[in-house]
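Trainee: Sequence first, predicted model second:
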Amino acid sequence: MSVVVEYKCPNCAASLTFDSDLQEMHCEYCGTDFDIAAVKEYNETLEAPAADDYDWESYEEKEKTDAGSEENNIYSFTCPSCGGRIFGDSVTAATFCPYCGNPAILSERLSDMFRPDLVIPFRLDQSAAKAALLQEYKKRPLLPNLFKETNKIEKITGLYVPFWLYDCGVEASVQYKATRISSWSDSRYRYTKTSYFSAVRNGCFSMENLPFDGSVKMDDRFMEAIEPFDFSSAVPFDSSYLSGYLADKYDVPAQEGIPRINARIKTTAENLFSQTVTGYQTVRTENSSVQVAHGKIRYALLPVWLLNTDYQGKKYTFVMNGQTGKLVGEYPVSRAKYWGFFSGIFAAAAALAGLVLNFFF
């Protein structure tokens with residue numbers, strides 16, 4: 001049977017949420033802030049067995065299970081505040097009660113193999129996510145005016161996304177082909193000489209916290225684009241941080257991320273060693289050999305804001321790193337502005353060419 005966890009305010013018994021600015025638990029009803037450790041201690045006392053025990057037999061037949069049908073992957077749970085039914089899919093780990101609005105953490109989804117090792121708490125709140133998107137609009141000169149003027153963000157969701165973190169030692173050998181180009185001229189001709197060199201670099205280094213999105217629902221392109229996360233702010237997992245946000249458990253096995261991580265390690269090694277090949281006009285990788293040793297995998301929840309909006313019948317989704325504020329997404333483009341922009345470039349180029357011709361002739 002799944003257990004729904006809800007953190008109660010020691011003052012008024014209302015539900016608490018995690019405040020990303022204060023890094024503490026906050027009560028919306030009485031306005032009090034609490035240290036996470038203090039809240040956990042208080043809630044543990046609430047969970048202690050009561051002295052009285054009245055063993056009444058239930059009149060109504062007990063439900064056989066608290067989970068819903070596995071055939072359609074929809075599950076239901078009981079809200080501890082109002083008794084309403086909370087529905088979610090097989091990967092929902094934290095959500096909200098649709099009746100009373102209180103946050104609910106589904107502890108079974110965070111136990112045993114599904115319990116994360118680390119969590120990076122949210123640093124930026126919902127208003128910061130909205131402000132970042134509106135500011136981004138100003139940097140997009142090809143956005144349709146109607147989109148900027150009438151666009152309304154329909155939904156903003158704070159979500160802890162499951163990620164696999166990969167740590168390893170790397171031993172690499174990379175061979176580069178480099179060139180030096182020199183030129184000179186005499187009274188009749190101009191000469192260019194290209195000299196080719198082979199450069200070999202060998203070395204060892206370690207890599208930590210290489211992230212890979214562990215959720216089928218999230219777009220891997222966006223998840224990589226909002227990197228990097230600052231893992232110096234990561235803390236051992238505690239379900240208190242999930243209160244007030246949505247969270248999913250992973251549904252992509254860690255092994256599926258290894259090919260992508262291997263490719264990133266290889267590219268990193270080639271780019272890292274290439275920085276030591278200096279004094280040349282061009283440097284390109286000819287071949288490389290990368291050995292990964294002592295590879296370890298950990299499981300973490302990382303903070304992400306999802307912002308959704310509609311424009312002319314099409315849904316646009318923007319994704320923001322809930323720790324650093326890095327924002328990515330796909331934007332509509334005004335055709336009129338697009339062609340006007342390039343027409344201006346062509347006109348400027350033509351005018352410049354005309355000035356050059358007039359200068360010489």
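Mentor: Perfect, thanks for sending it.

Trainee: how about G169, phi and psi?
Mentor: Here is the backbone geometry of G169 (degrees, to the nearest 10): phi -100, psi 140.

Trainee: Report the contact partners of it.
Mentor: Each residue near G169 by CB atoms under 8 Å, 6 or more residues apart in numbering is listed here: C204, F205, S206, V292, A293, H294. The way it works is simple: take the backbone N, C-alpha and C, and place the C-beta from them, glycine included.

Trainee: Mind checking what secondary structure the third one has?
Mentor: Okay, so that is S206. Here S206 takes the strand state, with states given by DSSP: H, G, I helix; E, B strand; the rest coil.

Trainee: ok, the residue nearest to it when sequence neighbours are not counted to N262 distance?
Mentor: In space, not counting the residues next to it along the chain, S206 is nearest to G169; the distance is 5.0 Å by CB to CB, 6 or more residues apart in numbering. According to CB to CB, to the nearest Å, G169 and N262 sit 14 Å apart.

Trainee: Identify the contacts common to these two.
Mentor: Listed as contacting both G169 and N262 by CB under 8 Å, 6+ apart are V292.

Trainee: Model confidence at F205, what's the number?
Mentor: We have a pLDDT of 95 for F205.

Trainee: Next: F359.
Mentor: Reported pLDDT for F359: 46.

Trainee: try V161
Mentor: pLDDT, V161: 94.

Trainee: Could you do P236 as well?
Mentor: Here the pLDDT value assigned to P236 is 95.

Trainee: Am I right that it is in contact with R115?
Mentor: No - counting by CB atoms under 8 Å, P236 sits too far from R115 to count as a contact (10.6 Å).

Trainee: Between the two, which has more neighbouring residues?
Mentor: Using other CB atoms under 10 Å as the criterion, P236 and R115 rank with R115 on top: 14 against 8.

Trainee: wait, isn't G329 in contact with K315?
Mentor: No - the pair G329 / K315 is not scored as a contact, 11.2 Å apart, by CB under 8 Å.

Trainee: Who has more neighbours out of these two?
Mentor: G329 (17 against 9).

Trainee: For that one, which non-adjacent residue is closest in space?
Mentor: G329 sits nearest to F318 (CB to CB, 6+ apart), 3.3 Å away.

Trainee: Kindly report the same for A178.
Mentor: In space, and not counting its chain neighbours, A178 is closest to Y280: 3.9 Å by CB to CB, 6+ apart.

Trainee: quick one: low-confidence ranges for this structure?
Mentor: Across the chain, the ranges flagged by pLDDT under 70 are 1-5, 42-78, 80-91, 93-94, 96-103, 105-113, 146-152, 334-361.

Trainee: contacting residues around the nearest residue to G279 once chain neighbours are set aside?
Mentor: Leaving aside its sequence neighbours, G279 sits nearest to R180 (CB to CB, 6+ apart; 7.6 Å). Contact partners of R180, counting by CB under 8 Å, 6+ apart, are T194, S195, F197, G279, Y280, Q281.
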